[in-house]
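[1] take a look and give me a structure for this.
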Amino acid sequence: MVATLEEKGWTIPQEVAQGKDWFVNWADFPNIFAMPDGRWLTFYLPIYDSKDYGYNIAVQQSKNKGQEWGAPITLYRNTPNTTQGFVSFFPVNDQTGIAWLEAVGGGDSHSHDDHGHDMIVRTAMIDGNGKVSGEQILDDQACTCCQTDAAAIPGGAILVYRDRLEGEIRDISYVRLQNGVWSTPKLLHEDNWEIHGCPVNGPAIDAFANTVAVVWHTASNNEPRVWLKFSQDSGENFDTPIRIDLGNPLGRVDILMLDEEYAIVSWIEKGDATGSLNIKIVHRDGEIFTSQAVSAFEPIRPTGFPRMAKQGNKIYITWTEGAGEKATIKMMSAAIPII
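    Here you go, the predicted model:
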């Protein structure tokens, strides 16, 4: 479903697609991506083999800002025990870049609770007519079910994801697309988080002109932390990490660049009885401009991953509250403070 916030309020939710054979889960959630030319893209995960847990990515595209949606664009790879998901979109000239995780090989099941298989990072391009091209593998071993994220930079894009390195080290890596060529993966920071299973806690990235900011969660040495790193040269080099959390973070991070110098970060902090959804506005030199709890937040799976968006001089943050039939989607907005 999709709804749009207009001057008079939210539009009536419209159906994009429906099906009885989808893989619906708390971690691989839907999103809408808007291209500069007015096209919108989203995706869902149709199951093609319920016995062997096989599901694919189906992308849907609208050429008129969600009023009408085209036929599914299939990224299907109907081979036994293959799953695809955790999609990121990004603009590359007049095409839409797409990156995703794809399971290959391994055991009899590729559920999010099965961490024994290999997961690769794959990318491709989608044009305005739905044609898919330029498919390639960016990393042949990544973490099994952490979200990916991407941002446009001058001359291309940058993608971040949780890697799976030797010794079950699950740190954050990134790749850059420049002049049509992807770089080799590079480690963002040596957390050295050894964990024998996926933490289901991906990084987030945003960019403004040449400034790139990445936020991520780690728990190396059994100490949970949320870190933020800035780059002032479109991701070629990153500055010293800035610790964001209040001492006991769950993660589930998001980030927006407000301008070339400031970013707003959101994450979940755990308390004694419940948790809280928190934000900080941070300068790229590490100065904290503001820090506050936005809302109480129950740190359970159904409450999902809060997301932020910016329009004009306002920031919007949305999250799921409650579980099951009592679940609701909440949203708050605030004017961007004068910094």
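
[2] average pLDDT across stretch 292-304?
    Averaged across stretch 292-304, the pLDDT comes to 93.

[3] gap between the spatially closest residue to Ile268 that is not a sequence neighbour and Ala293?
    Among residues not flanking Ile268 along the chain, Leu250 sits closest, at 4.2 Å (Cβ to Cβ, 6 or more residues apart in numbering). To be clear about C-beta, it is placed using only N, CA and C from the backbone, and glycine gets the same treatment. From Leu250 across to Ala293, the span is 13 Å (Cβ to Cβ, to the nearest Å).

[4] tell me which residue is most central in the protein.
    For the chain, the residue nearest the mean C-alpha position is Asp149 (4.0 Å; Cα atoms, centre = their mean).

[5] any weak-confidence spans in the stretch 201-339 of the chain?
    Low-confidence segments of the stretch 201-339 of the chain, defined by pLDDT under 70: 339.

[6] ok, 80 please
    For the stretch 201-339 of the chain, the stretches with pLDDT under 80 are 338-339.

[7] and the strands in it?
    Here the stretch 201-339 of the chain has its strands, by DSSP state E, counting those that start in this stretch, at 204-208, 211-218, 225-231, 242-243, 249-257, 262-270, 275-283, 288-297, 307-311, 314-321, 328-335.

[8] buried sites along the third one?
    Within strand 225-231, the residues scored as buried using 16 or more other Cβ atoms under 10 Å are 225-231.

[9] please apply the same query to the longest one.
    Counting neighbours by 16+ other Cβ under 10 Å, one finds that the buried residues in strand 288-297 are 294, 297.

[10] other SSEs contacting that strand?
    Helices and strands touching strand 288-297, by 3 or more Cβ pairs under 8 Å, 6 or more residues apart in numbering; DSSP states H and E, are strand 262-270, strand 275-283, strand 314-321, strand 328-335.

[11] name every strand pairing with the last one and say which way it goes.
    Strand 328-335 has these partner strands in its sheet, going by DSSP bridges: strand 314-321 (antiparallel).

[12] with just CA atoms, put the partner strand into CSV.
    Once non-C-alpha atoms are left out, strand 314-321 reads as follows in CSV (Å, rounded to 0.1, in the frame of the first residue of the first chain):
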residue,chain,number,x,y,z
LYS,A,314,10.7,19.6,8.1
ILE,A,315,11.9,16.2,9.3
TYR,A,316,9.5,13.3,9.4
ILE,A,317,10.1,10.2,11.4
THR,A,318,7.8,7.1,11.3
TRP,A,319,7.7,3.8,13.2
THR,A,320,5.5,0.9,14.1
GLU,A,321,3.9,0.8,17.5
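
[13] what angle separates it from strand 288-297?
    30 degrees (axes from the mean of the first three to the mean of the last three Cα atoms, to 10 degrees).

[14] what bits of the stretch 51-200 of the chain have low per-residue confidence?
    Checking the stretch 51-200 of the chain against pLDDT under 80 turns up 51-53, 76-81, 104-117.

[15] could I get the contacting residues of Ser234?
    Neighbouring residues of Ser234 by Cβ atoms under 8 Å, 6 or more residues apart in numbering: 153-155, 158, 176, 207, 210, 212.

[16] so which of these wins on neighbours?
    Comparing those by number of neighbours (other Cβ atoms under 10 Å), Val212 comes first, having 27 neighbours.

[17] who is that one paired with across the strands?
    Val212 has these beta-bridge partners by DSSP bridges: Ala207, Ser231.

[18] contacting residues around it?
    So Val212 contacts 151, 153, 158, 205-206, 230-231, 234-235, 238 (Cβ under 8 Å, 6+ apart).

[19] next: Met125.
    By Cβ under 8 Å, 6+ apart, the neighbours of Met125 are 92, 95-98, 132-134.

[20] what comes up buried for the helix or strand hosting it?
    Here Met125 sits within strand 118-126, counting by DSSP states H and E. Under the neighbour-count criterion of 16+ other Cβ under 10 Å, strand 118-126 has 119-126 buried.

[21] for Gln61, state which of these is nearest.
    Nearest to Gln61, judged by Cβ to Cβ, of the buried residues of strand 118-126 is Ile126 at 7.3 Å.

[22] how about that closest one, what does it touch?
    41, 59, 61, 73, 95-98, 132.

[23] now Phe230
    Neighbours of Phe230 in contact, by Cβ under 8 Å, 6+ apart: 211-213, 238-239, 242, 263, 284.

[24] just the buried subset of the residues you listed, please.
    So, by 16+ other Cβ under 10 Å, the buried ones in the contacts of Phe230 are 211-213, 238, 242, 263, 284.

[25] that older thread, tally of neighbours for the residue nearest to Ile268?
    Leu250 has 20 nearby residues by other Cβ under 10 Å.
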